[in-house]
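**Student:** dropping a prediction and its sequence here:
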Amino acid sequence: MNTLIKETTSEQDVQQLVEDQRKYFNSNTTRSVEFRLEQLKKFRNLIKTHEDDLHEAIYKDFGKSKYDNQLTEIFPLYEELDIAIKNARRWVKHRKVKTNLMNQPAKSYLVPEPLGVSLVIGAWNFPYNLSLVPVVGSMVAGNTTILKPSELAAETSRAMAKLINENFDASYLHVVEGGIPETTALLAQRFDKIFFTGSPQVGKIVNKAAAPNLTNVTLELGGKNPALFTKDASIDVGVKRMIWAKFLNSGQLCLAPDYVLVHKSIKSKVLERIVHEIKKHNYSVENQNFVRIINERNFDRVVSLIDPEKVHFGGKANRSERIIEPTVLNNVTLEDDVMRDEIFGPIIPVVEYETIDEAFEIIKSFEKPLAAYLFSNNNKIKDRFLSEIPFGSGGINDAVMQINNSNLPFGGVGNSGMGRYHGKYSFECFSHFKAILDKSNFFESDLKYYGHSDRQMKLIKKLS
């Protein structure tokens, strides 16, 4: 593979790229498991070689440290690649299932096959993780792939384009950079799979664009993720875990706790512990445990959610540096602006409740969230939480860390998304499973053929 194309910006260029990828896919080259493994290993080696470049780019975008980048972006990508490389041969095999009595003698199995030409639209908040992990899923499933990174993280977009476009044939894997015009041009094409990570508002646009072609779509969106503390919660360790999860990436994380529900009997203790943890971590870009808000538009939006009269801690912001310090809001009601939409920034609204029924009703008053977290030692409440509250993924006595287990699928439900990926679920996300009945010619019953009789009816009833 040695074809390189110029940077694709026009609709005509995009259309030609998609046509070239479809032609390449139809050549059956990508279906070979050996080819898939070769490309995955090559991809891993390239990332390893260019780690420093990836660190530098993301720091330029919003001040993310090498440590946080390695932990939250590069390590998950390596893990996804290693799992794919280790399991590809097994995943592509036929999957046997039982054959019912009516179809005997026969074998039944599922045949995984790649969907075709895939479009992955990445997000800016974790630009490597949320762009390249889905690409790995598309590659191991045997597809060709076009990646459109977010233009908001311009340096990381440029770094991914350089890494991929200089080392892979555009007919197999290519990065298209740009903004709304380029994304619109891509969505005007017919794909076999579209994978989008972003907001519910844009997710609806993507889904609408895919509808005329009946394209298979996975949407990884967001929502107001609750963190519920019951009166018997282990406050010290619970708040410690919740605070880390909330201020990771300065709250610019779709899985972050969006608001905290606290039983009135422990609210003062929880607030005290929240402030303690924030002070202990001493969050700042200089300390390599905080990042800038991605741009001024998002900075202004997040700052507008801070009600000065309800600030319990923090509240300061520096627009020129795009820094909003960790902020705790107390005595928050559901009518406050901060409770209307997903915050996506370093603000913690604390909402008081009296009964667990009231807390559950508050959670269910919002759209189904991408994640939900319960901090409790009460088994009955745990059972109710799991059975009554709809959400994509979550944790009990922890937050965000469910995404670190590739044996658990990651995905939303309802307004927070559709479809799932990570580990084997990434392979399945970008695959179709053909259902096959493989019938023997050794014997053929007359039961299904015409000339029905009472005897046939008796046999059919026995088989029913």
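**Tutor:** Thanks, I have the structure now.

**Student:** these two touch, right, residue 42 and residue 167?
**Tutor:** Yes - Residue 42 is within contact range of residue 167, at 7.3 Å (criterion: C-beta atoms under 8 Å). In short, each C-beta sits where N, CA and C put it, glycine included.

**Student:** per-residue pLDDT, the nearest residue to residue 372 once chain neighbours are set aside?
**Tutor:** Closest residue to residue 372 apart from its sequence neighbours, by C-beta to C-beta, 6 or more residues apart in numbering: residue 391 at 3.9 Å. On the pLDDT scale, residue 391 is placed at 97.

**Student:** so who does residue 391 touch?
**Tutor:** 225, 368, 369, 370, 371, 372, 413, 416 (C-beta atoms under 8 Å, 6 or more residues apart in numbering).

**Student:** ok, residue 38 - how many residues close by?
**Tutor:** Neighbourhood size, residue 38 [other C-beta atoms under 10 Å]: 11.

**Student:** mind checking which helix or strand the residue nearest to residue 47 when sequence neighbours are not counted is in?
**Tutor:** For residue 47, ignoring the flanking residues on the chain, the nearest one in space by C-beta to C-beta, 6+ apart is residue 77 at 6.5 Å. According to DSSP states H and E, residue 77 maps onto helix 75-91.

**Student:** how about the CA coordinates for that helix, as CSV?
**Tutor:** The C-alpha coordinates for helix 75-91 follow below in CSV (Å, rounded to 0.1, in the frame of the first residue of the first chain):
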residue,chain,number,x,y,z
PHE,A,75,-2.5,3.6,28.0
PRO,A,76,-6.1,2.8,27.1
LEU,A,77,-5.1,2.9,23.4
TYR,A,78,-2.3,0.4,24.0
GLU,A,79,-4.6,-1.8,26.0
GLU,A,80,-7.2,-1.8,23.2
LEU,A,81,-4.6,-2.6,20.6
ASP,A,82,-3.1,-5.4,22.7
ILE,A,83,-6.5,-7.0,23.3
ALA,A,84,-7.3,-6.8,19.6
ILE,A,85,-4.0,-8.3,18.6
LYS,A,86,-4.3,-11.1,21.1
ASN,A,87,-7.8,-12.0,20.3
ALA,A,88,-8.3,-11.3,16.6
ARG,A,89,-7.8,-14.9,15.4
ARG,A,90,-10.4,-16.1,17.9
TRP,A,91,-12.9,-13.3,17.2
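
**Student:** name the helices or strands packed onto it?
**Tutor:** Judged by 3 or more C-beta pairs under 8 Å, 6 or more residues apart in numbering; DSSP states H and E, helix 75-91 is in contact with helix 33-49, helix 129-141, helix 424-429.

**Student:** between the ones you listed, which one is closest to residue 230.
**Tutor:** Comparing the helices and strands packed on helix 75-91 by their distance to residue 230 (C-beta to C-beta), the top pick is helix 424-429, with 31.0 Å.

**Student:** right, and the helix or strand after that closest one?
**Tutor:** Going down the chain from helix 424-429, the next helix or strand is strand 431-439, by DSSP H and E.

**Student:** partner strands of that following strand and their direction?
**Tutor:** Paired strands of strand 431-439, with direction, are strand 106-114 (antiparallel) (DSSP bridges).

**Student:** show me the residue at the heart of the chain, geometrically.
**Tutor:** The centroid of the chain falls nearest to residue 220 when counting by C-alpha atoms, centre = their mean (4.8 Å).

**Student:** which residue is the nearest non-sequential neighbour of that residue?
**Tutor:** residue 197 (4.3 Å).

**Student:** burial measure for the one you found, as a count.
**Tutor:** 27.

**Student:** and for residue 462?
**Tutor:** Residue 462: 8 surrounding residues under other C-beta under 10 Å.

**Student:** how far out from the middle of the chain is the helix or strand hosting it?
**Tutor:** Secondary structure assigned from DSSP H and E places residue 462 in helix 454-463. Averaging C-alpha positions (C-alpha atoms, centre = their mean, to the nearest Å) puts helix 454-463 50 Å from its chain's average.

**Student:** repeat for stretch 179-188
**Tutor:** 21 Å.

**Student:** per-residue pLDDT, the residue nearest to the centre of the chain?
**Tutor:** For residue 220, the pLDDT comes out at 96.

**Student:** isn't it right next to residue 413, touching?
**Tutor:** No - assessed by C-beta under 8 Å, residue 220 is found out of contact with residue 413, at 11.3 Å.

**Student:** helices along the stretch 51-200 of the chain, start to end?
**Tutor:** Under the criterion DSSP state H, counting those that start in this stretch, the stretch 51-200 of the chain carries helices at the ranges 51-62, 66-69, 75-91, 129-141, 154-165, 180-187, 200-210.

**Student:** ok, residues contacting the least confident helix or strand in the chain by mean pLDDT?
**Tutor:** One helix or strand of the chain scores below all others by mean pLDDT, DSSP states H and E: helix 454-463, with a mean of 78. Identification of contacts with helix 454-463 by C-beta under 8 Å, 6+ apart yields 101, 102, 447.

**Student:** neighbour count and distance to residue 136 for those - can I get that in JSON lines?
**Tutor:** Below are the contacts of helix 454-463 laid out as JSON lines (neighbours: other C-beta atoms under 10 Å; distance: C-beta to C-beta, whole Å):
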{"residue": "101", "neighbour count": "7", "distance to residue 136": "41"}
{"residue": "102", "neighbour count": "12", "distance to residue 136": "41"}
{"residue": "447", "neighbour count": "12", "distance to residue 136": "48"}
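
**Student:** how about those in JSON lines, adding distance to residue 338 and pLDDT?
**Tutor:** As requested, those are exported to JSON lines (distance: C-beta to C-beta, whole Å; pLDDT from 0 to 100):
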{"residue": "101", "distance to residue 338": "60", "pLDDT": "84"}
{"residue": "102", "distance to residue 338": "59", "pLDDT": "83"}
{"residue": "447", "distance to residue 338": "66", "pLDDT": "74"}
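
**Student:** for residue 237, which non-adjacent residue is closest in space?
**Tutor:** The shortest distance from residue 237 to any non-neighbouring residue, by C-beta to C-beta, 6+ apart, is to residue 397 (7.6 Å).

**Student:** quick one: pLDDT of the one you found?
**Tutor:** Looking at residue 397, its pLDDT reads 98.

**Student:** now do the same contact list for it.
**Tutor:** Shown in contact with residue 397 (C-beta under 8 Å, 6+ apart): 233, 234, 237, 238, 241, 374, 375, 376, 377.

**Student:** closest one of these to residue 69?
**Tutor:** Nearest to residue 69 out of the contacts of residue 397 is residue 241 (C-beta to C-beta; 21.5 Å).

**Student:** what sits up against the host helix or strand of that closest one?
**Tutor:** Using DSSP H and E, residue 241 maps to helix 235-247. Helix 235-247 has contacts (C-beta under 8 Å, 6+ apart) with 227, 229, 253, 255-257, 260, 266, 269-270, 273-274, 277-278, 281, 283, 289-290, 326, 346, 348, 373, 375, 397-401.

**Student:** so residue 42 and residue 167 - more neighbours on which side?
**Tutor:** Neighbour comparison, residue 42 and residue 167: the larger count goes to residue 167, with 16 against 13 (by other C-beta under 10 Å).
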